[in-house]
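1. With the sequence up front, the predicted model follows.
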Amino acid sequence: MKTNNEFRRSYQAWRMLDHLLGKDLPATRYISKRDRILELFLSEKKNEISENNIQQVDRVKDISEKNLKQNYISKGIPVVMEGKAKDWKCVKQWSLEWLSENYSKDKVAIFDPLNSEIDTINYKVEKTTLNHVIESIKSGDTNKYSRFNRILYDHPELINDFDWKWLYKMRNNISSGKTFQVFIGGKGSQTSLHCATENNLFTQVYGEKHWYLYPPKNDFFLDPPITKSPYFYSKFNPENPDFNKFPAARFLTTFECILSSGDILYNPPLWWHQVKNLNHSIGVGFRWFNPLNSIKASLTGTLMTLLSTNPPIWTATKHRTDFARIFKYMNTKSNLND
């Protein structure tokens, strides 16, 4: 009888071949091979199924930098630092009303790259203003979710509202990137299950946010579509699981947490996560890429990222602070400088 890791390695090998050699999007050249491995796995392991295995993400207070790096970042384990940012200016001052009063005319791009109802990345972009987004949020429109908002790049002085020196110190000497990503959404808005190769220190500035998380080894159970993109997603919905479409998902171990204003979550590379705003919310991710962290988490995921073509990794990296431009380019194949 094969071990779980043997099944995973076989599945990942065919997944990689589809990523490299598949022609359609999503790539399905070797989907029958992947499906067969899942069938054999389920046949052999059917008596081991354990549903609803839910664990809470570790929660700590006043953790030292040394302990955070040694016990969580270097090991690729998520952790919630309760109240870590409670004294930061962004937590004390930022709100939807404050943003509207000061930055209402800011241009905003609205897009949902990981819509769970489609089979590939959604690159459509809607242009609007921050005031329109906030008014829509207040009216209950969950579609006006400002992901990867550029407010910290359009107004760089606002980075001083964060303890950016502490954030920078969490990286190491071989890290690449210091990317801030702002998320502004209303109660009930969410982003479907996805993962990426970067480390993420996510600060909950305003409101509350619920997270589902799964370790990288769960690629096998989540059966993600192969889009040749550096951004991975799965159509499995942990909030409303369909075990007929995803029978191997019965083997998942789910981690979850709720972030309140002032909390910071360390989300390691290639950990799958689905996020929902429990009320009107402002959150800010600080991301960086560390090749050792990423390879340790998943060699397959790291290689698929580096060998992506939709867009190529150098394009994604060059424009990492402007996701809307990347998605507009991929939708229209226009010049990225337009």
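-> Happy to help now that I have it.
2. Surely residue 264 touches residue 79?
-> No. Residue 264 lies out of contact with residue 79 (Cβ atoms under 8 Å); the separation is 9.0 Å. The way it works is simple: take the backbone N, C-alpha and C, and place the C-beta from them, glycine included.
3. Now the phi/psi pair for the most centrally placed residue in the chain, please.
-> Residue closest to the average C-alpha location in the chain (Cα atoms, centre = their mean): residue 195, at 4.5 Å. With angles defined as degrees, to the nearest 10, residue 195 sits at phi -160, psi 160.
4. what is it paired to in the beta sheet?
-> residue 232 (DSSP bridges).
5. Surely residue 173 is within a helix?
-> No. Using DSSP: H, G, I helix; E, B strand; the rest coil, the assignment for residue 173 is coil, not a helix.
6. What distance do you get for it to residue 77?
-> From residue 173 across to residue 77, the span is 21 Å (Cβ to Cβ, to the nearest Å).
7. Give me the more crowded residue out of residue 264 and residue 79.
-> Taking other Cβ atoms under 10 Å, residue 264 and residue 79 do not tie; residue 264 has more neighbours (24 against 21).
8. Can you pull out the low-pLDDT segments for the stretch 1-150 of the chain?
-> Residues of the stretch 1-150 of the chain that meet the criterion pLDDT under 70 lie in 49-52, 113-123.
9. show me the residues around the residue nearest to the centre of the chain that make contact.
-> Listed by Cβ atoms under 8 Å, 6 or more residues apart in numbering, the contact set of residue 195 reads 216, 232, 233, 270, 271, 272, 273, 301.
10. if I pick residue 285, what's in contact with it?
-> Neighbours of residue 285 in contact, by Cβ under 8 Å, 6+ apart: 179, 180, 181, 183, 200, 201, 202, 203, 267.
11. The fourth one - that's part of a helix, no?
-> The one in question is residue 183. No. Applying three-state DSSP, one finds residue 183 to be strand, outside a helix.
12. That one and residue 151 touch, don't they?
-> No. Counting by Cβ under 8 Å, residue 183 stays clear of residue 151, with 10.8 Å between them.
13. Could you pull out the helices in the stretch 201-338 of the chain for me?
-> 219-222, 291-297, 299-306, 313-318, 323-332 (DSSP state H, counting those that start in this stretch).
14. right, so those: which one is the most enclosed?
-> helix 219-222 (a mean of 22; mean count of other Cβ atoms under 10 Å).
15. How far off centre is it?
-> Between the centre of helix 219-222 and the centre of its chain there are 16 Å (Cα atoms, centre = their mean, to the nearest Å).
16. Start the count at 42 instead of 1 going forward.
-> I'll keep to 42 as the first residue from here, and by that count the last item is helix 260-263.
17. Residues touching it, excluding its own?
-> 48-49, 52-53, 56, 79, 82, 234, 255, 273, 275, 277, 287, 289-290, 292-293, 313, 339, 341-342.
18. Among the residues you listed, name the ones in strands.
-> Using DSSP state E, 234, 255, 273, 313 are the members of those that sit in strands.
19. can I get these in JSON lines with distance to residue 267, neighbour count and pLDDT?
-> Putting the ones in strands among the contacts of helix 260-263 into JSON lines (distance: Cβ to Cβ, whole Å; neighbours: other Cβ atoms under 10 Å; pLDDT from 0 to 100) gives the following:
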{"residue": "234", "distance to residue 267": "15", "neighbour count": "23", "pLDDT": "94"}
{"residue": "255", "distance to residue 267": "18", "neighbour count": "23", "pLDDT": "97"}
{"residue": "273", "distance to residue 267": "9", "neighbour count": "26", "pLDDT": "92"}
{"residue": "313", "distance to residue 267": "15", "neighbour count": "25", "pLDDT": "98"}
